[in-house]
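In: quick one: sequence plus predicted model below, questions after.
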Amino acid sequence: MNSVETGDFWLDRSGTPHGSSAIAMGLMGICRRSVSVWVAVIGLCVAAGASGASQYQDTLPDGQINTGSASVFTVLTSSSDWIRGGSVLQGDIGIDQGKFTLSGGSDVFGDLVDHTGVLLRTSSGRVHGAVYSDDPTIDSALMDAQMLSDAAFAEPVTPRYTTLTSVNLDHSSLTITGGANEKVVLRLTDFVLTNNSIFTLSGTATTSFIINVAETFSLRSNSHISLENVPASNVLFNIHGTGSTVWLKGGSSMPGTLLALNRKVRIKGGSQVVGTVIANQVKITKHSSVLTPTRNP
């Protein structure tokens with residue numbers, strides 16, 4: 001017998017199937033294998049994505065805040081920026097959309113990096129570095145900033161500070177302490193300093209401080225955030241979610257990373273940030289400044 005035949009399906013002596021039914025069965029097998037492969041690939045991608053999100057580290061081994069690819073910028077915004085009235089930015093600035101206005105004899109001592117389509121107005125100010133578009137860098141920086149904000153907000157509060165749920169200082173002071181290689185986390189509704197108030201973070205060169213703020217963040221009337229033995233690069237003020245404008249005014253100052261992805265930030269009246277500002281929108285006016293910090297405390 002040379003073959004076994006049933007309808008349009010038969011096997012030859014080698015056992016190879018022939019006929020339209022055989023072809024259909026073969027295609028069904030291929031489809032099943034393809035679907036299985038794609039399901040496996042998709043599953044791996046989803047797992048990798050979920051793992052990557054959950055494993056994002058908000059601090060580095062030496063205690064520095066992990067701003068990822070956003071670390072190249074001193075000021076980074078997803079919307080418009082204004083630097084006016086003799087104000088200074090020392091470092092690079094990145095802008096995702098809207099417009100950038102530099103006026104009133106203000107200076108940017110660094111590069112201006114924009115996303116394609118941003119409107120630049122620098123008629124009465126000066127950018128001392130390069131001016132160029134770099135969409136991938138802006139996109140990556142904002143993505144890392146979002147992951148940092150989410151990871152920081154998910155941190156458990158340091159047990160000895162669980163009862164501290166709001167900071168409201170009026171002509172007064174408060175000190176928060178941390179040990180070597182410790183990550184100190186606060187979760188606050190409001191952070192408000194006014195009338196020469198001082199909020200101090202005291203620790204070591206490897207202590208990290210993460211202060212999560214859900215609602216109001218405001219420094220007014222010559223109020224200051226001060227560091228004792230802690231580098232500015234180890235400090236994060238994470239103003240989470242939408243809400244009121246973030247204010248530094250009246251000669252106030254702070255060190256560290258000010259992260260307010262969904263807020264407007266206003267720095268005015270001779271106020272100063274020594275660190276990084278990442279926000280939806282930033283205005284630096286009236287002889288104010290944002291300066292790149294050094295690593296030394």
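Out: Alright, I've got the coordinates.
In: in this structure Ile267 contacts Ser288, no?
Out: Yes: when contacts are counted by CB atoms under 8 Å, Ile267 is listed as touching Ser288 (4.6 Å). No exception for glycine: its C-beta is placed from N, CA and C like everyone else's.
In: what touches both of these two?
Out: Ser87, Leu248 (CB atoms under 8 Å, 6 or more residues apart in numbering).
In: where do the helices of the protein begin and end?
Out: Counting by DSSP state H, the chain has helices at residues 20-54, 135-153.
In: out of those, which gets the lowest mean score?
Out: Mean pLDDT is lowest for helix 20-54 among the helices of the chain, at a mean of 39.
In: the strand ranked longest in the chain to helix 135-153, inter-axis angle?
Out: Among the segments of the chain that qualify as a strand by DSSP state E, the longest is strand 253-267. Calculated by axes from the mean of the first three to the mean of the last three CA atoms, to 10 degrees, strand 253-267 forms an angle of 120 degrees with helix 135-153.
In: could I have strand 253-267 exported to CSV, CA atoms only?
Out: Output in CSV follows, covering the C-alpha atoms of strand 253-267 (Å, rounded to 0.1, in the frame of the first residue of the first chain):
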residue,chain,number,x,y,z
SER,A,253,15.6,79.8,50.2
MET,A,254,15.9,76.1,50.1
PRO,A,255,18.4,73.4,49.0
GLY,A,256,17.6,70.1,47.3
THR,A,257,15.3,68.8,44.6
LEU,A,258,12.0,70.5,44.3
LEU,A,259,9.7,68.1,42.4
ALA,A,260,6.2,69.4,41.5
LEU,A,261,5.4,67.7,38.2
ASN,A,262,1.7,68.8,38.2
ARG,A,263,2.2,72.3,39.8
LYS,A,264,3.3,75.8,39.0
VAL,A,265,6.4,77.0,40.8
ARG,A,266,7.0,80.7,41.5
ILE,A,267,10.4,81.9,42.8
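In: which other helices and strands contact that strand?
Out: Secondary-structure packing of strand 253-267 (3 or more CB pairs under 8 Å, 6 or more residues apart in numbering; DSSP states H and E): helix 135-153, strand 217-219, strand 224-228, strand 235-239, strand 246-248, strand 272-284.
In: and it, how far out from the chain middle?
Out: Centroid separation for strand 253-267 versus its chain: 11 Å, with CA atoms, centre = their mean, to the nearest Å.
In: where does pLDDT dip in the protein?
Out: 1-54, 294-297 (pLDDT under 70).
In: can we see that at 90?
Out: 1-55, 80, 122-123, 293-297 (pLDDT under 90).
In: for Asp96, see how far away the residue nearest the centre of it is.
Out: The residue lying closest to the centre of the chain (CA atoms, centre = their mean) is Ala145, at 1.4 Å. Distance, Ala145 to Asp96, by CB to CB, to the nearest Å: 11 Å.
In: thinking Asn66 is in contact with Ala145, fair?
Out: No: counting by CB under 8 Å, Ala145 is not a contact partner of Asn66; they are 10.5 Å apart.
In: ok, Val265 - contacts?
Out: Thr245, Val246, Leu248, Leu258, Val277, Ala279, Gln281, Val282, Lys283.
In: show me what contacts the nearest residue to the fourth one once chain neighbours are set aside?
Out: If I follow you right, that is Leu258. In space, and not counting its chain neighbours, Leu258 is closest to Val277: 4.8 Å by CB to CB, 6 or more residues apart in numbering. Residues near Val277 by CB under 8 Å, 6+ apart: Thr74, Val75, Leu76, Thr257, Leu258, Val265, Ile267, Val290.
In: mind redoing it with 6 Å?
Out: By CB atoms under 6 Å, 6 or more residues apart in numbering, the residues touching Val277 are Val75, Leu258, Val265, Val290.
In: before I go, just wanted to say thanks for your time.
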